[in-house]
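[1] Coordinates for the following, if possible.
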Amino acid sequence: MKVLVTDPIADAGLDVLRDAGHDVETGYELEGNDLLEAISDANGLIVRSGTEVTEEVLEAAEELAIVGRAGIGVDNIDIDAATDNGVIVANAPEGNVRAAAEHTVAMTFASARSIPQAHIRLKNGEWAKSDYLGTELDGKTLGVVGLGRVGQEVAKKLDSLGMDIVAYDPYISEERAQRIGAELVEFDPCLERADVLTVHTPLTPETEGLISEPELDQLGDGYLVNCARGGVVDEDALAAKVEDGTLAGAAIDVFA
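    Numbering: from 1, shown residues only. Below is the predicted model:
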């Protein structure tokens, strides 16, 4: 098979395909007509989150049999168009679950303890110890929006560190939530009870702008952490709430 790879993948992964006899081509800068031309005779396509696999791309790929997403989310792939064109879409649901969960925990503590701000002050020669007492998370409530693989791993880790866990996910059973130490609640109570809210949903028409000004008001003086997808949280509203002190802080590593 000819396999086109349009987002950076570790050489070790590509070597597996080459060793199996496949013709692997990389095109990390491909877009527009160049992408359409390159994919025209490809049998397989491997992407991460950078390539938009649209209906136009799928229509141009007459020989395409499968799209592999090296990661969890497939929101950059038009699933309906892939189905219409007989193209299988596969992801790697366990690929970076632990890494994403650990990063979320790190961002939570960095925000609650004001580590970036204190670091900058110290780099500037100031020892502003009393300005950054931070917030102790032990005994506080973590709200989890989206209790999928990453959300569950974050809940388990922060539960073991002394936080109480409430979660909102309409697709998860109460029994499953209880097994990982979380209380399943509706959306509004999850926001209202959370001292720290962490988001772990894909970006879909239903979740786009899910957390905007009214929802941030419900969170009150808590913290928001988004290591999932940009666009789920209204960034302008979030910035305003942090700036005016409504929110105690926020940590994000994704953007719309």
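[2] Specify the beta-bridge partners of residue 25.
    Under DSSP bridges, the beta-bridge partners of residue 25 are residue 4.
[3] which ones are touching residue 231?
    Residues near residue 231 by Cβ atoms under 8 Å, 6 or more residues apart in numbering: 203, 208-209, 256. Just so you know, the C-beta spots here come from the backbone N, C-alpha and C atoms, and that holds for glycine as well.
[4] ranking the residues you listed by neighbours, who comes first?
    In terms of neighbour count, residue 203 stands highest of those at 19 neighbours, by other Cβ atoms under 10 Å.
[5] That one contacts residue 210, doesn't it?
    No: using Cβ atoms under 8 Å, residue 203 is not in contact with residue 210, being 9.4 Å away.
[6] shared neighbours of the two, anything?
    Jointly contacting residue 203 and residue 210 under the rule Cβ under 8 Å, 6+ apart are residue 232.
[7] circling back: and the contacts of residue 231, which is closest to residue 134?
    Ranked by distance to residue 134 (Cβ to Cβ), those are led by residue 256 at 28.7 Å.
[8] now the strands for this structure?
    Taking DSSP state E as the criterion, the chain contains strands spanning 2-5, 23-26, 44-47, 66-69, 88-91, 141-145, 164-168, 182-184, 196-199, 223-226, 249-252.
[9] The fourth one: partners in the sheet, and parallel or antiparallel?
    Read it as strand 66-69. strand 44-47 (parallel), strand 88-91 (parallel).
[10] Tell me which of these is the most buried.
    Highest mean neighbour count of these: strand 44-47, a mean of 24 (counted as mean count of other Cβ atoms under 10 Å).
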